[in-house]
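>>> Just to be clear, the model below is a prediction. Sequence and coordinates:
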Amino acid sequence: MPLVTTTEMFKKAYDGGYAIGAFNVNNMEIIQGITEAAKELKSPLILQVSAGARKYANHTYLVKLVEAALEETGLPIALHLDHGDSFELCKSCIDGGFSSVMIDGSHLPFEENIALTRKVVEYAHDHGVVVEGELGRLAGIEDAVNVSAEDASYTRPEEVQAFVEGTGCDSLAIAIGTSHGAYKFKPGQKPQLRFDILEEVARRLPGFPIVLHGASAVIPEFVEMINQYGGDMPNAIGIPEDMLRQAAKMAVCKINIDSDLRLAMTGTIRKYLAENPSHFDPRQYLKPAREAIKAMVAHKIVDVLGSDGKAE
Ligand code: G3H
Ligand code: 13P
Ligand code: ZN
């Protein structure tokens, strides 16, 4: 099966009250762990590539690895650019075989965000590719984006209709209290999401797919593993999974997960090397890391996203 866009996936997910997992990929083991879980559970998938991932692994390697996953699984898979920050980057991914791109103009003034997003949409739609836009700013740190809690802002529901109509985008990422990375809430702060904003956005955009970034749970098992085996991640805290499940039942059709993959991989490798200090063959520690990713993604598909069996 060739790559698919997210159009059909999101329509079914919206109507069925579940979400599609959008997992960040950087290398072969991550792609294999994710896609093996999805294959066993017959789940549709979005594999997403950031500018940093593209720089690290090379565009062509990532596209070819995803093509291998398509062949191995037979699943509907979309290949998506995560946090595109310019028309040129989006164009390069569209020209280079991606089926979906995000243009993240969330840091721009409203009208500039609309103009940039519309430019990407026009090029993408001419090439059969779908586009995710973003309104509102998440806090958190990634390679390309570093937003302090003070600069973060919730999406304003009164702006979403004008944005979607003005841009023609196919899905919309909104800010309701999630954030990027492993430190989503301050110590002692109660994790909370603004479901009232999500509801109001959904009311104003009936049937329109909404995206949640920064949606890792920062699974405590892996944080503990990292801390137990020489790491130092005090106060790492994520979004409670029951809140994500609730969002998936509402208008949220795409849930982005990167940090949980990183934690699963790093925790497992730390443990393996601590327990086997004389081993030096990368296959020995990458194998359990890939298995941990597979088990973690299977858990997300069944218990958080509800997308199991939906690729049938
Ligand atoms: O939200 C972005 C992802 O976590 C990608 O992170 O830019 O470090 O690859 P990255
Ligand atoms: P996390 O850092 O919560 O995994 O978020 C990932 C993300 O939003 C990728 O775009
Ligand atoms: Zn993101």
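Nice, thanks for sending it over. Numbering: from 1, shown residues only. Ligands and ions are numbered 1, 2, ... in the order given.
>>> And the strands in this protein, which stretches?
Taking DSSP state E, the strands of the chain run over residues 20-24, 45-50, 77-84, 100-103, 130-135, 139-141, 146-147, 171-174, 179-180, 210-212, 252-257.
>>> Please identify the buried residues of the third one?
It refers to strand 77-84. Residues Ile77, Ala78, Leu79, His80, Leu81, Asp82, His83, Gly84 are the ones in strand 77-84 that count as buried (16 or more other C-beta atoms under 10 Å). Every C-beta, even on glycine, is put in place using the N, C-alpha and C of the backbone.
>>> Please list which of these are also close to ligand 1.
Asp82, His83 (C-beta under 6 Å from any ligand atom).
>>> In a markdown table, list the buried residues of strand 77-84 along with pLDDT and distance to Tyr61.
Listed next are the buried residues of strand 77-84 as a markdown table, based on pLDDT from 0 to 100; distance: C-beta to C-beta, whole Å:
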| residue | pLDDT | distance to Tyr61 |
| --- | --- | --- |
| Ile77 | 98 | 17 |
| Ala78 | 98 | 19 |
| Leu79 | 99 | 13 |
| His80 | 99 | 17 |
| Leu81 | 98 | 15 |
| Asp82 | 98 | 17 |
| His83 | 98 | 20 |
| Gly84 | 98 | 19 |
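>>> quick one: which of the buried residues of strand 77-84 is nearest to Tyr154?
Using C-beta to C-beta, His83 comes nearest to Tyr154 of those, at 18.8 Å.
>>> In this structure Phe185 contacts Ile237, no?
Yes: counting by C-beta atoms under 8 Å, Phe185 sits close enough to Ile237 to count as a contact (5.1 Å).
>>> what residues are shared contacts of the two?
With contacts taken as C-beta atoms under 8 Å, 6 or more residues apart in numbering, the residues that reach both Phe185 and Ile237 are Pro191.
>>> Helices of the stretch 201-312 of the chain, residue ranges please.
220-228, 241-249, 259-275, 282-299 (DSSP state H, counting those that start in this stretch).
>>> Taking helix 259-275 as reference, get the angle to the first one.
In terms of direction (axes from the mean of the first three to the mean of the last three C-alpha atoms, to 10 degrees), helix 220-228 departs from helix 259-275 by 40 degrees.
>>> Looking at the buried residues of strand 77-84, which is nearest ligand 2?
Nearest to ligand 2 out of these is Asp82 (C-beta to the nearest ligand atom; 4.5 Å).
>>> and the gap between the residue sitting furthest away from the middle of the chain and Ile103?
In terms of distance from the mean C-alpha position of the chain, Ser278 ranks first, at 35.9 Å (C-alpha atoms, centre = their mean). Counting by C-beta to C-beta, to the nearest Å, the separation of Ser278 from Ile103 is 49 Å.
>>> Pull the contacting residues for the residue of the stretch 201-312 of the chain found nearest ligand 1.
Distances between the stretch 201-312 of the chain and ligand 1 by C-beta to the nearest ligand atom are smallest at Asp258, namely 3.4 Å. Residues near Asp258 by C-beta under 8 Å, 6+ apart: Phe23, Asn24, His180, Ser216.
>>> phi, psi of it?
phi -130, psi -50 (degrees, to the nearest 10).
>>> let's number from 275 now, not from 1
Yep, numbering from 275; the last one is Asp532 now.
>>> before we move on, the earlier item: put together CSV for the helices of the stretch 475-586 of the chain, with mean neighbour count on each row.
Below are these laid out as CSV (neighbours: other C-beta atoms under 10 Å):
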stretch, mean neighbour count
helix 494-502, 17
helix 515-523, 18
helix 533-549, 21
helix 556-573, 18
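>>> I'd like to know which of those helices is closest to ligand 2.
helix 533-549 (3.6 Å).
>>> before we move on, the earlier item: could you dump the helices of the stretch 475-586 of the chain to JSON lines with mean pLDDT?
Output for the helices of the stretch 475-586 of the chain, formatted as JSON lines (pLDDT from 0 to 100):
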{"stretch": "helix 494-502", "mean pLDDT": "98"}
{"stretch": "helix 515-523", "mean pLDDT": "98"}
{"stretch": "helix 533-549", "mean pLDDT": "98"}
{"stretch": "helix 556-573", "mean pLDDT": "99"}
